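Trainee: Mind looking at a prediction? Sequence and model below.
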Amino acid sequence: MSSSAPPSLSVFNVFWLLHVIVEMPVALLAFFKPQDFPLAGLNDTTVLIMRLLATMLLTSCLASLLCFGLPDYLPGKRAFAMHLLLFHGFISAIFLQVRDGIIFFELPKFVLELIPAAAQVKNTVWIAATHGLVSFVAVLWWQATLPLVKAVTAHAKAE
């Protein structure tokens, strides 16, 4: 591309790293130590499913790291962004519907000391909010990069 080409990365590109930060610890724990996962009623079947899902999360984290540095207008990057947007949106909705007594996740102690009111909110709501935030930042990235996609398309047609 010539020097008159538009910039290829948005400030919201941080969304890719946000996905990695949220999912990598969960994926590593579920893959290597599924029995330590804070869930009620773990058995061999749930451990197998957890490890399979952890594999999907690990590969999506690796793909996110690769996508982070790619230009925002690439169709494959945009398709994967749509996948993550929908994934985190659906996960958020699922965690809002989880019954009490299923998940034993607790916020880190330093968070509870920093924000004492956080202890009043159900842990599944925190998990849902985190996934909702990733999905929302993905929407921001998508919207922020639409003009870039149009500009690159117009630039390519002009050449």
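Mentor: All right, it came through fine.

Trainee: tell me which residues in stretch 141-149 are buried?
Mentor: 141-142, 145, 148-149 (16 or more other C-beta atoms under 10 Å). C-beta here means a position set from N, CA and C on the backbone, and glycine is covered the same way.

Trainee: so of those residues, which ones are in strands?
Mentor: Nothing among the buried residues of stretch 141-149 maps onto strands, per DSSP state E.

Trainee: JSON lines for the residues you listed, including distance to N43 and pLDDT?
Mentor: Output for the buried residues of stretch 141-149, formatted as JSON lines (distance: C-beta to C-beta, whole Å; pLDDT from 0 to 100):
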{"residue": "W141", "distance to N43": "39", "pLDDT": "94"}
{"residue": "W142", "distance to N43": "39", "pLDDT": "94"}
{"residue": "T145", "distance to N43": "44", "pLDDT": "91"}
{"residue": "L148", "distance to N43": "48", "pLDDT": "87"}
{"residue": "V149", "distance to N43": "47", "pLDDT": "88"}
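
Trainee: Closest to P38 out of the residues you listed?
Mentor: Relative to P38, the closest of those is W141; by C-beta to C-beta it sits at 30.3 Å.

Trainee: Please verify my assumption that the closest one contacts H19.
Mentor: No. Contact criterion C-beta atoms under 8 Å: W141 and H19 do not qualify, at 10.7 Å.

Trainee: Out of the helices and strands in this structure, which is least certain?
Mentor: One helix or strand of the chain scores below all others by mean pLDDT, DSSP states H and E: helix 109-114, with a mean of 82.

Trainee: contact partners of that one?
Mentor: Outside helix 109-114, the residues within contact range by C-beta atoms under 8 Å, 6 or more residues apart in numbering are 118-119.

Trainee: So what touches stretch 116-128?
Mentor: In contact with stretch 116-128 (C-beta under 8 Å, 6+ apart) are residues 91-96, 98, 100, 103-107, 111-112.

Trainee: go with 7 Å
Mentor: With contact meaning C-beta atoms under 7 Å, 6 or more residues apart in numbering, stretch 116-128 is reached by 92, 95-96, 98, 103, 105-107, 111-112.

Trainee: Is there a quick ChimeraX command that grabs whichever of the residues you listed are buried?
Mentor: Those of the contacts of stretch 116-128 that count as buried under 16+ other C-beta under 10 Å are selected in ChimeraX with:
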select :92,95,103
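
Trainee: could you dump the contacts of stretch 116-128 to a markdown table with secondary structure and distance to A27?
Mentor: As requested, the contacts of stretch 116-128 are exported to a markdown table (DSSP: H, G, I helix; E, B strand; the rest coil; distance: C-beta to C-beta, whole Å):
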| residue | secondary structure | distance to A27 |
| --- | --- | --- |
| S92 | helix | 17 |
| F95 | helix | 16 |
| L96 | helix | 22 |
| V98 | coil | 19 |
| I103 | strand | 16 |
| F105 | coil | 15 |
| E106 | coil | 19 |
| L107 | coil | 19 |
| V111 | helix | 21 |
| L112 | helix | 25 |
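
Trainee: Perfect, that will be all.
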